[in-house]
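> Provided below for reference: sequence and predicted model.
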Amino acid sequence: MTWTIIIVLIVIGLLFLILEILVLPGTNIAGVLGFILLGIGIWQAYSTYGRLAGHYTLGATFLFTFVTLYFSLKSKTWKKLMLKSKIDSKVNIIDEKKVKVGDTGVTVSRLAPAGKATINGEFYEVHSTGDFIDQETEIIVLKINYNKIIVKPKI
């Protein structure tokens with residue numbers, strides 16, 4: 001086996017290990033395959049070129065792995081790849097001046113048990129008391145808990 005193939009095996013094994021550590025959660029085939037490829041590359045260096053070349057390959061692989069992991073885990077490396085936008089939107093803010101207990105509305109989607117409804121001409125995400133409520137059913141507001149509107153069908 002030539003040095004080119006040994007180096008390619010070690011580099012691909014290292015790439016699989018970095019993929020396992022940084023991208024894929026848990027123990028996956030990438031990590032196992034990475035260790036196997038690293039081991040095969042080092043083993044081939046020992047068996048093809050002898051003990052001295054095998055020791056050099058083993059030491060170089062450890063050093064290369066350490067340096068690669070160090071630069072991969074540095075925060076400055078990832079700042080170049082990170083998104084810098086901020087999310088400043090809010091979820092289902094209920095203006096209690098517009099929606100009150102006892103107001104009526106119509107479901108826009110099926111409530112199973114949550115969905116969309118119009119109340120006083122505004123769209124809101126609403127929750128039923130546990131029952132399914134079909135689309136275009138008249139509803140009445142039972143209570144408002146922080147950002148959650150609880151409704152039931154109007155009878």
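Here it is on my side, so go on. Numbers count the residues shown, from 1 in each chain.
> list the buried residues in stretch 102-122.
Neighbour-count burial for stretch 102-122, counted by 16 or more other C-beta atoms under 10 Å, picks out G105, T107, R110, L111, G115, A117, I119. Yep, even glycine has a C-beta here, placed from its N, CA and C like the rest.
> out of those residues, which comes closest to L69?
Comparing these against L69 with C-beta to C-beta places G115 closest, at 47.9 Å.
> please name the bridge partners of the closest one.
V126 (DSSP bridges).
> distance check, it against L33.
45 Å (C-beta to C-beta, to the nearest Å).
> and if you look at I5?
17 Å.
> neighbour count winner among those two?
L33 (16 against 13; other C-beta atoms under 10 Å).
> leaving out the residues flanking it, which one is nearest to that one?
Excluding the flanking residues, the one nearest L33 by C-beta to C-beta, 6 or more residues apart in numbering is F16, at 5.2 Å.
> just checking, what packs against the helix ranked longest in the chain?
Identified as the longest helix of the chain according to DSSP state H is helix 51-73. Secondary-structure packing of helix 51-73 (3 or more C-beta pairs under 8 Å, 6 or more residues apart in numbering; DSSP states H and E): helix 3-22, helix 29-49.
> between the ones you listed, which gets nearest to E125?
Among those, if distance is taken as C-beta to C-beta, the winner is helix 3-22, at 36.0 Å.
> ok, and what's touching the closest one?
Outside helix 3-22, the residues within contact range by C-beta atoms under 8 Å, 6 or more residues apart in numbering are 27-28, 30-31, 33-42, 44-45, 48, 57, 61, 64-65, 68-69, 72-73.
> among the helices and strands of this protein, which has the poorest mean pLDDT?
helix 75-79 (a mean of 68; mean pLDDT, DSSP states H and E).
> tell me the first helix or strand C-terminal of it.
strand 104-107 (DSSP states H and E).
> returning to that earlier point: what comes up buried for the longest helix of the chain?
So helix 51-73, judged by 16+ other C-beta under 10 Å, has buried residues G54, T57, L58, T61, T65.
> can you read off the pLDDT for the second one?
At T57, the pLDDT value in this model is 94.
> got it, and the first one?
If you check G54, the pLDDT there is 93.
> what's the burial count for the closest residue to it other than its chain neighbours?
Closest residue to G54 apart from its sequence neighbours, by C-beta to C-beta, 6+ apart: Y46 at 3.2 Å. Counted with other C-beta under 10 Å, the neighbours of Y46 add up to 15.
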